[in-house]
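Q: Could you work out the structure for the sequence below:
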Amino acid sequence: MHRTKPSRARLLVPSALAVVILSGAAAPAGAAEGGGSAALTERVASVKQQVEKIERRAAAAGPIDDLLASLTKTLEGLLATVGGLLPDGVKLPPIELPKLPDITLPELPDLSGLIPELPPVVLPPIDGLVPPVDALPAVPAAPALPAAPALPAAPALPAVPAIPALPAMPALP
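A: Residues are numbered from 1 along each chain as shown. Just a heads-up that it's a prediction; the model follows:
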């Protein structure tokens, strides 16, 4: 008896190996001189340029370090997953992200001389500023409402004619 469906391992290993080879992470020995090597070199150069731009723009490297750490962790997990799908003997090289140099900011000058010292504000006592409140005058009673007029009697409803009785249904055969 033979299998009617290919096993999942037979499908995943060749496709994972193809992804690794096409992405440039692992290449055959003769491919170093080919066009793939030039494309990989260009990608590495563009990544280096982007890292240099980030280094120039970053005043404080805290958020960038956090981003690089999470990206490194994600890449390590991806490499472990893809490495588990590869056959024995094929090993992927580790991906290392560039380390940012420690940047120290210059000390800020003392700015206390720019704002003069203000004298404290003294508030006068509030006793005697507000006059005492006298007792409120009594509210007069509301005037009496006039009596409502009587409503006329409702007319009697006309008689409803009786509904004639329906004839009986004949029996079904």
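
Q: Which helix or which strand is home to the residue nearest the centre of the chain?
A: The chain has L67 as the residue nearest its centroid, 16.0 Å off, counting by C-alpha atoms, centre = their mean. Element membership for L67 (DSSP states H and E) is helix 62-85.

Q: burial count for G77?
A: By other C-beta atoms under 10 Å, 10 other residues sit near G77. From N, CA and C alone the C-beta is placed, and that goes for glycine too.

Q: Could you do the one 5 residues further on as well?
A: Around V82 sit 17 other residues, with neighbours defined as other C-beta under 10 Å.

Q: Please apply the same query to the one 10 residues further on.
A: Residues near L92, counting by other C-beta under 10 Å, number 14.

Q: try A80
A: Residues near A80, counting by other C-beta under 10 Å: 10.

Q: what sits against it?
A: Listed by C-beta atoms under 8 Å, 6 or more residues apart in numbering, the contact set of A80 is empty.

Q: now A45
A: Per C-beta under 8 Å, 6+ apart, neighbours of A45: none.

Q: Mean confidence (pLDDT) on the helix or strand where it lies, please.
A: Here A45 is covered by helix 35-57, with elements defined by DSSP H and E. Here helix 35-57 scores 71 as its mean pLDDT.

Q: from here on, count from 37
A: Taking 37 as the first residue, the last one we looked at is helix 71-93.

Q: distance of T108 from P134?
A: 11 Å (C-beta to C-beta, to the nearest Å).

Q: Over to A192?
A: A192 is 100 Å from P134, by C-beta to C-beta.

Q: can you check E153 too?
A: 49 Å.

Q: circling back to that earlier point, which of A192 and P134 has more residues huddled nearby?
A: Between A192 and P134, counting by other C-beta under 10 Å, P134 is the more crowded of the two (12 against 6).

Q: right, and that one touches V87 too?
A: Yes - look at P134 against V87 with C-beta atoms under 8 Å: they come within range, at 5.1 Å.
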